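Q: Got a sequence here, can you build the structure:
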Amino acid sequence: MRQQDEVPDRDKQPVVDVEEGAGAASEPRRGSVGEVARIFFKLGCVAFGGPAAHIAMMEDEFVTRRRWISREHFLDLIGATNLIPGPNSTEMTMHVGYERAGWPGLFAAGASFIFPAATLTGLLGWLYVRYGTLPDVEPFLVGIKPAVLAIIAGALWKLGKKAVRRWQHAAVGLGAVIALALGVSEIAAMLLGGIAGMVWLRMDAARRGAAPIGVLAPFAGMLARNADAATSIVGGSLAAPAARSTLGAAVVAAAGAVVGAVPLWKLGLFFLKVGAVLYGSGYVLFAFLEGDLVNNYGWLTNEQLVDAIAIGQFTPGPVLSTATFIGFVIAGWPGAIVATIGIFLPSFLFVLVLNPLIPKMRQSIWIGSFLDAVNVAAVALMVWVTYRLGVATLVSPVAWGILALAAVALFRFKLNSAWIILGGALLGVLAALAGIA
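A: As a prediction, the model looks like this:
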């Protein structure tokens with residue numbers, strides 16, 4: 001069945017047919033690296049609201065409007081991305097870039113999405129060091145947050161319909177929401193939901209007469225078939241870009257030597273470690289940075305760390321751009337560059353290895369069932385994050401009003417999510433000027 005929710009746009013490429021049920025088997029037309037970089041740079045300039053909002057905007061842009069990727073495969077990418085360290089929405093940009101233009105598209109998409117946030121947080125870091133204060137952005141956030149809620153709700157409706165195809169899927173999703181409400185971590189809820197759903201779905205299939213299959217066989221077979229391919233990807237395609245990134249960090253370190261009391265190599269190594277092991281939300285990042293930067297190393301004060309996290313929250317793009325701000329505060333522009341490369345580099349490597357494996361995972365009966373369950377758990381995670389954001393955001397008639405207007409613009413007029421974000425920001429400023437925010 002063909003998608004019917006497409007909106008014409010003169011600025012878009014000709015629409016490529018992608019059937020809803022085709023999943024990874026569909027092969028949309030490949031695009032250019034320049035096209036990928038341009039579109040993800042634009043997205044990075046308006047991607048407010050955190051990972052759930054970013055993923056919702058990508059679903060609207062690349063699944064509904066441009067049809068670069070099927071909704072089923074998009075869900076697979078979300079589920080798989082939630083199981084690896086790093087910023088989920090930034091890694092999703094890399095996945096989409098890879099699907100559109102291969103490994104060069106992966107690096108173009110990720111770098112273009114990160115660049116606006118890193119540049120802005122670096123400039124704010126310069127202002128902060130020079131003047132010791134942050135700009136007042138609360139009026140913008142008053143309008144942006146309710147608009148973001150409407151965008152996430154729209155994506156949840158479409159992704160939820162695709163993910164929840166059987167009553168067992170709904171039960172897995174409900175179980176994941178309950179686990180999150182009880183304080184279970186995001187990654188634990190995803191893994192438990194995936195494993196429980198996989199076993200349940202395969203047992204149900206066996207009762208209905210499906211041929212049994214060993215649980216470990218598909219995992220072993222997939223890994224054996226793809227070991228050489230994954231090694232080739234890392235050793236071949238990745239060699240030039242990774243070398244350039246590493247060389248760039250080395251050149252910065254050599255040129256800057258030591259800025260202040262913190263060696264650049266040590267700063268870069270710290271953020272490389274953070275990017276390689278970090279799971280969870282911005283609050284997890286806060287705890288991680290506080291333990292080392294404030295308590296162990298003494299590179300920042302608690303007040304500076306709180307200001308850095310605030311910068312990451314109210315600037316567009318990934319919250320991990322906080323590293324750029326911290327790097328500048330500690331070691332100026334060389335520190336900002338080294339910290340940014342360090343924290344994001346592991347995500348490029350993880351996605352480059354993971355992406356080619358996902359279609360093969362989908363071909364396995366057991367792993368395909370695991371992905372189905374993980375996808376539902378990922379949607380449940382977005383539901384839980386949206387609920388928490390709604391409780392914190394919808395505290396005034398102005399917020400409810402902006403939410404209603406954003407929902408009408410999205411569902412009735414199919415307005416692009418970027419314009420909805422900008423419209424929400426404008427309404428927030430006007431409400432503040434009128435004294436009703």
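Q: going forward, measure contacts between C-alpha atoms and count neighbours the same way
A: Will do.
Q: centre of the chain versus the lengthiest helix in the chain, how much separation?
A: With secondary structure taken from DSSP state H, the chain has its longest helix at helix 88-131. Centroid displacement of helix 88-131 relative to its chain, using CA atoms, centre = their mean, to the nearest Å, is 11 Å.
Q: Give me the mean pLDDT for it.
A: Averaged across helix 88-131, the pLDDT comes to 94.
Q: Could I get the average pLDDT for stretch 393-409?
A: 94.
Q: no wait, stretch 412-422
A: pLDDT averaged over stretch 412-422 gives 86.
Q: Quote the end-to-end distance of it.
A: 18 Å (CA to CA, to the nearest Å).
Q: in it, what's buried?
A: By neighbour count on 16 or more other CA atoms under 10 Å, the buried set for stretch 412-422 is Leu415, Asn416, Ser417, Ala418, Ile420, Ile421, Leu422.
Q: pretty sure the fifth one contacts Ala407?
A: The one in question is Ile420. No: counting by CA atoms under 8 Å, Ile420 stays clear of Ala407, with 9.1 Å between them.
Q: Mutual contacts of the two, please.
A: Ala147 (CA atoms under 8 Å, 6 or more residues apart in numbering).
Q: Where in this structure is the helix or strand with the lowest mean pLDDT?
A: Averaged element by element with mean pLDDT, DSSP states H and E, the chain has its least confident helix or strand at helix 239-256 (a mean of 37).
Q: tell me which element the nearest residue to Ile337 once chain neighbours are set aside falls in.
A: Residue nearest to Ile337 in three dimensions, not counting chain neighbours: Thr324, with 6.8 Å by CA to CA, 6 or more residues apart in numbering. Per DSSP states H and E, Thr324 falls inside helix 322-354.
Q: Distance from that helix to the middle of the chain?
A: Worked out by CA atoms, centre = their mean, helix 322-354 lies 16 Å from the chain centre.
Q: Please identify the buried residues of the next helix or strand after that helix?
A: Using DSSP H and E, the helix or strand that follows helix 322-354 in sequence is helix 357-363. For helix 357-363, the neighbour count (16+ other CA under 10 Å) marks Leu357, Ile358, Pro359, Lys360, Met361, Arg362 as buried.
Q: and the residues you listed as JSON lines, adding pLDDT and distance to Ile187?
A: Formatted as JSON lines, those follow (pLDDT from 0 to 100; distance: CA to CA, whole Å):
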{"residue": "Leu357", "pLDDT": "91", "distance to Ile187": "20"}
{"residue": "Ile358", "pLDDT": "90", "distance to Ile187": "18"}
{"residue": "Pro359", "pLDDT": "88", "distance to Ile187": "22"}
{"residue": "Lys360", "pLDDT": "87", "distance to Ile187": "22"}
{"residue": "Met361", "pLDDT": "84", "distance to Ile187": "19"}
{"residue": "Arg362", "pLDDT": "82", "distance to Ile187": "20"}
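Q: any idea which residue sits dead centre in this protein?
A: Ser89 (0.6 Å; CA atoms, centre = their mean).
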